[in-house]
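Chemist: sharing a sequence plus its predicted fold:
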2 protein chains.
Amino acid sequence: MSDPISPPPQTSQPAQSCTPTLPGFTCGLDATLRVVSGKWKPLILYFVAQDGPTRYGELRRAIRDVSDKVLIQQLKELEADGLVKRTDYKEVPPRVDYSLTPLGHSLAQALVPLCTWGTDHMAEVSRVFAERETWTRGIRPPTT
Amino acid sequence: MSDPISPPPQTSQPAQSCTPTLPGFTCGLDATLRVVSGKWKPLILYFVAQDGPTRYGELRRAIRDVSDKVLIQQLKELEADGLVKRTDYKEVPPRVDYSLTPLGHSLAQALVPLCTWGTDHMAEVSRVFAERETWTRGIRPPTT
DNA sequence: TTGAGCACTTACCAAAAGGTGCATACTTGT
DNA sequence: ACAAGTATGCACCTTTTGGTAAGTGCTCAA
């Protein structure tokens, strides 16, 4: 399989070029989504991309609502995926900070259009989400 | 909050422009990820973007491994989010097909860089994922 | 008349993701 | 002596997500 999304379908382009799927990915988008999906990962990338090396405590306070367990967990995954770098200063009261690796930066760049799309269409998206909560997951919409 | 990702951090740019967060989104990226996250959604977008209007059964066979329940569910969400359009021909043996809305197309476009990133870095990503499975989620990596 | 295909729906389950709260080892401030 | 801050770890629980298997109403082919 290959890049799931090709330009405007009206053009009927057969399918973009694409490396034939390594190990377990169906396509590039699949691979990407696996590394960025996680409730707080985008936010983490956000802060780290903006502020540069960020200490754990700072992130914790900046993100707010995230628990230690999950924040650490997501940081570890991002680190394991080679997107962020953890630096431990081995100091007495622990000091650690997180920064983006080159790979992390490249991903951040690729995410820009998504940020833009989300920002541009946030109104529509949020409207639709609001409606969904109306029929609290169980009741069918009126038009059924 | 705003677009989580800004260009290379070395530039120390304060933060890109960004609409101040509607209802429940922390940023544009957040909004976007909410509509595309779902195990099969990218694939669905893939097929529909490529083949244009696609019948339910076709998708079902094309995606393979997905169950009816989940496929239907994700299609409904995509529809509810205004990304795909469901057309019911009201025929005797049921006939229905799914296509992308303009919004869906615009999202598809925004996803292209992610596809590209994933394709370009699939080797790295998959390598790292392989290692993760080594210490089957619980055992710490050697360097700890 | 039986069976297959269509596009779903429903009830029930298992796994994954996320959250809470307590613990750690050490230092600094009061 | 004691509380607070540092960066985690761990046990336990709830929510969310995905999956299985069966059923529905209808039509057409054998």
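Modeler: Thanks, I have it.

Chemist: only C-alpha atoms from now on, for both contacts and neighbour counts.
Modeler: Will do.

Chemist: list the contacts of the residue nearest the centre of chain A.
Modeler: Residue closest to the average C-alpha location in chain A (C-alpha atoms, centre = their mean): residue A:36, at 3.3 Å. Applying C-alpha atoms under 8 Å, 6 or more residues apart in numbering or on different chains, we find residue A:36 in contact with residue A:42.

Chemist: anything in stretch A:39-51 near DNA strand D?
Modeler: No: using C-alpha under 7 Å from any atom of the strand, stretch A:39-51 stays clear of DNA strand D, coming no nearer than 9.8 Å.

Chemist: that stretch: which residues count as buried?
Modeler: Of the residues in stretch A:39-51, A:40-51 count as buried by neighbour count, 16 or more other C-alpha atoms under 10 Å in any protein chain shown.

Chemist: tell me the residues of chain A that contact DNA strand C?
Modeler: Checking chain A against DNA strand C by C-alpha under 7 Å from any atom of the strand, the hits are A:37-40, A:65-70, A:74, A:92-93.

Chemist: any stretches of chain A with poor pLDDT?
Modeler: A:1-23, A:133-144 (pLDDT under 70).

Chemist: helix/strand/coil for the closest residue to DNA strand D within it?
Modeler: At 3.4 Å from DNA strand D, residue A:57 is the closest residue in chain A, using C-alpha to the nearest atom of the strand. Look at residue A:57: counting by DSSP: H, G, I helix; E, B strand; the rest coil, its state is helix.

Chemist: residue contacts, it?
Modeler: If you count contacts by C-alpha under 8 Å, 6+ apart, residue A:57 has none.

Chemist: do the same with residue A:86
Modeler: Counting by C-alpha under 8 Å, 6+ apart, residue A:86 touches A:79, A:96-99.

Chemist: most neighbours out of those residues, which is it?
Modeler: residue A:99 (25 neighbours; other C-alpha atoms under 10 Å in any protein chain shown).

Chemist: the residues of chain A next to DNA strand C into a markdown table, with extra columns for distance to residue B:85 and secondary structure?
Modeler: What follows is these, written out as a markdown table (distance: C-alpha to C-alpha, whole Å; DSSP: H, G, I helix; E, B strand; the rest coil):
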| residue | distance to residue B:85 | secondary structure |
| --- | --- | --- |
| A:37 | 26 | coil |
| A:38 | 28 | coil |
| A:39 | 28 | coil |
| A:40 | 30 | coil |
| A:65 | 35 | coil |
| A:66 | 36 | coil |
| A:67 | 38 | coil |
| A:68 | 41 | helix |
| A:69 | 40 | helix |
| A:70 | 36 | helix |
| A:74 | 35 | helix |
| A:92 | 59 | coil |
| A:93 | 56 | coil |
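
Chemist: from those residues, list the buried ones, please.
Modeler: The neighbour-count test (16+ other C-alpha under 10 Å) marks A:38, A:40, A:74 as buried among the residues of chain A next to DNA strand C.

Chemist: nearest to residue B:116, of those residues?
Modeler: residue A:38 (20.5 Å; C-alpha to C-alpha).

Chemist: hey, where'd the helices end up in chain A?
Modeler: Using DSSP state H, the helices of chain A run over A:28-36, A:41-51, A:56-63, A:68-80, A:102-120, A:122-134.

Chemist: right, is the second one up against chain B?
Modeler: Yes: counting by C-alpha under 8 Å from any C-alpha of the partner chain, contacts between helix A:41-51 and chain B involve A:42-43, A:45-47, A:49-51.
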